[in-house]
Each structure stands twice: as structure tokens, then as C-alpha cells.
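Enquirer: give me the fold of what follows.
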Amino acid sequence: MAFEPHPWFIGLEGVEHSAEVARTLAWAATSGASGIIKPNDLRVRATPVPGGTVRIMPGGFVVESTYAGASQQSYIERVPTTTEVAVPATGSSGGATRYVVAAILDPDYPGGGNAPEVPNDGVYAAPRVTSTLNLSYPHVPLARIKQPANTATITDSMITDLREVAVPRRKEYAFGRPRVASDGSAGTTLSGTVGNGGEYFPGGNGSPNQFQVDVPSWATRVMIDADWMAVRYAAGENSWGQYWIEWGDEYRDRTWPGNQQWERATQKFQFDSPGSSNNTMRANWRLMDGLLVPSHLRGKTCTFAFKAGRADSAPSRAVSMDQLSGLGMKLTFVEVALDDDLM
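Expert: Residues are numbered from 1 along each chain as shown. Alright, predicted model coming up:
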């Protein structure tokens, strides 16, 4: 038969729908992806008093079928409570690498185990501790455990997170703002120092140098890609310093750690003007950084500010931005698996 006779969903009373069609719906809804549902699902941790078991936190997962003859089908499972699973001890002959997986065991297929006498009494999803990821049943890797020899106690330092979000969300914001003559020239030169927390750069006369965005409530990391374009170096002046992006939802007048004006910041990047040239020169400053989005900033409206500062011993007013300069920023918020401790 070329077609399944009962597609999802026929509402006539008495029409039965196959498990295969239902699993095809799950496969299509998740684009055939496998992984956890939300970033903090199914985190594997040592027990509060380390011992011979590990804990799997609650959550959910989806996994594409790897059974022969079951293509374009996925299983979805819910794990409502914390689960503990035993990890075999190692002996004196050496250490071991083990994997904690969330497994689907479907007796309809070879490798899925034996069917129980009472089908409703069967357990068809379970955690497994294995020595390989080359398994005969569909599974989602959760963690790798590296045990030394003669070890029966599992600690967090032995556990490496392997989880991936099955269908991660992603949202991008892009900003581009050339400076224009109407911005004026006052305050466009860089005078603040790195040690004093730097300054908005370019500044002056209401020139836009910050942007506000609504951080998605599901975002766990953000990639910041920013540019200061056509920064002007004065002739014969050697100046050096750093530039960065600060961001957050609460402005403080240089009272955040490091004299910051916003709570979070990218890495600081170095600039250094040539100094030996008798001619005015221009350069582009480029910045890229990937950062955690802490839980208290998810779902908030946050400001992203262009900051820079010269070194304390560098000359003032040797670096500037004018009506031929500009700013650009691209923000990419993503949803990735997250450690409990970073929520």
C-alpha cells in the first residue's frame, strides 16, 4: 500500500490512527531534530552527597527514530521528576568513560527489547549508562563521565555536559547608524580613560551611541558583533586604549564593578593609532563576543552601549568620530543547553 490509509487526523468515530503516523507528526514538528526541549532539561549532576549514582533533572526530550524501517519518525518523552541512575565502579585495571543517555525502547523493532505481557505495564523510556554511543535504540546523549581507576564515587568534576536543545530558538537584531553633520562635533573626541570606566563613544550633542532591545525570555546566550567605522586618528598623535560594549537593564553612574555604567560587558579590545604619520588616518574597530544571558535579564528591555577609553598615559583628543564615521551592531540571541548553576 503506497499511502497510510488514515493520515493525521481523521475525526470520524472508530477510525484508528497508527503509531507510525503519530510519530511522523512529531518528526515533522521538530524537523527531525533530537535533543532536550528546554535549556535546563535533563541536566546530569552528582548527588548532594557524592556516591555511586548520578541525578538526572526533570525535563523532556525528543529523539528521531534510528530503528530500521522507521524513518521520518520521532519519539517524545516527558521526565516529570528527578531520576537517579547507578554508575558502575571502576577497578584497579584502569579508568572508564561512560555515557548517560535518555533511551527509547520500542519492542516493535529489533533492538528495542522484549514486549511485556501487559503492554500498558511496559517501560519504554529510561535512562541508561553505557560505554558507547553506538547503540541499537534511539537515544539522546546527556553527559559523559570520566572515572579514574578504583572509583565508585561520582563527582561533578567527572561529568561533562553533552546536551543540546533539539529545536533551539534564535532571534537577531541589527542596528546601523552613520553619523551625520547634524550630530555636531562637540564631544566626538575620546577623552575618558579605561581606568575611569571609559565613556560612550562617540559622544556629544545627543549622537546615538546606544540601542535598546527586548531580550527574548528564552535566550540563554547572545552573540554581539559591533563595529566602530571610520574612527579618525589625528596626524602625528600616538594614542592607544580599549573599546567594548556594555549592556544591561539598569544604568548606574560608574558604580557597577570596574566603573561600568551597565552591569554586563564584552571583552575589551585594543586600539593603537600609528602616531608616526603626518597625515590624518582612519581605522575600523571590530568586536565579537559570545556571552551568557543571565536569568534576571531574560525578558527585559536592555540597553547596549558603545564604550571606549584611552590609556591613562595616552594623549587626549587624538581619537575621534565625525560625520564620516558610523556605528553598527548585530545581536544574535540563541537558546542553548544551560548549566543549572548559571540560571
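
Enquirer: can you show me the helices along the stretch 101-250 of the chain?
Expert: Here the stretch 101-250 of the chain has no helices by DSSP state H, counting those that start in this stretch.

Enquirer: quick one: low-confidence parts of the stretch 201-343 of the chain?
Expert: 204-207, 276-277, 340-343 (pLDDT under 70).

Enquirer: can you pull out the strands in it?
Expert: Using DSSP state E, counting those that start in this stretch, the strands of the stretch 201-343 of the chain run over 210-214, 221-233, 240-248, 264-265, 269-272, 281-292, 301-310, 319-320, 326-334.

Enquirer: what is the burial count for the nearest residue to Asn259 once chain neighbours are set aside?
Expert: Residue nearest to Asn259 in three dimensions, not counting chain neighbours: Gly197, with 3.0 Å by Cβ to Cβ, 6 or more residues apart in numbering. C-beta here means a position set from N, CA and C on the backbone, and glycine is covered the same way. Neighbours of Gly197 under the rule other Cβ atoms under 10 Å: 18.

Enquirer: and the gap between Gly197 and Ser239?
Expert: Distance of Gly197 to Ser239, given as Cβ to Cβ, to the nearest Å: 18 Å.

Enquirer: repeat for Asp156
Expert: With Cβ to Cβ as the criterion, Asp156 and Ser239 are 47 Å apart.

Enquirer: between the two, which one's more packed in?
Expert: Neighbour count, other Cβ under 10 Å: between Asp156 and Ser239, Ser239 has more, with 21 against 12.

Enquirer: how about the contacts made by the more buried one?
Expert: 190, 233, 272-273, 275, 310-311, 314-315, 318-319 (Cβ atoms under 8 Å, 6 or more residues apart in numbering).

Enquirer: I'd say Trp247 and Phe304 touch.
Expert: Yes. In this structure, Trp247 is within contact of Phe304 by Cβ atoms under 8 Å, at 4.5 Å.

Enquirer: between the two, which contacts overlap?
Expert: Ile224.

Enquirer: for those two, indicate the residue with more neighbours.
Expert: Set Trp247 next to Phe304 and count neighbours by other Cβ under 10 Å: Trp247 wins out with 26 against 22.

Enquirer: ok, that one - contacts?
Expert: 224, 262-265, 302-305.

Enquirer: in those, find the pair that's most separated.
Expert: Spanning the widest gap among the contacts of Trp247 are Ile224 and Glu263, at 14.4 Å by Cβ to Cβ.

Enquirer: from Leu291, how far off is Asp225?
Expert: Relative to Leu291, and taking Cβ to Cβ, Asp225 is found at 12 Å.

Enquirer: and for Thr132?
Expert: Distance from Thr132 to Leu291, by Cβ to Cβ: 35 Å.

Enquirer: okay, those two: which has more neighbours?
Expert: For the pair Thr132 and Leu291, the greater number of neighbours falls to Leu291 (15 against 8), based on other Cβ under 10 Å.

Enquirer: contact partners for that one?
Expert: 221-222, 224, 264, 266.

Enquirer: could you dump these into JSON lines with distance to Gln212 and neighbour count added?
Expert: Listed next are the contacts of Leu291 as JSON lines, based on distance: Cβ to Cβ, whole Å; neighbours: other Cβ atoms under 10 Å:
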{"residue": "Arg221", "distance to Gln212": "20", "neighbour count": "16"}
{"residue": "Val222", "distance to Gln212": "14", "neighbour count": "25"}
{"residue": "Ile224", "distance to Gln212": "15", "neighbour count": "20"}
{"residue": "Arg264", "distance to Gln212": "14", "neighbour count": "20"}
{"residue": "Thr266", "distance to Gln212": "17", "neighbour count": "20"}
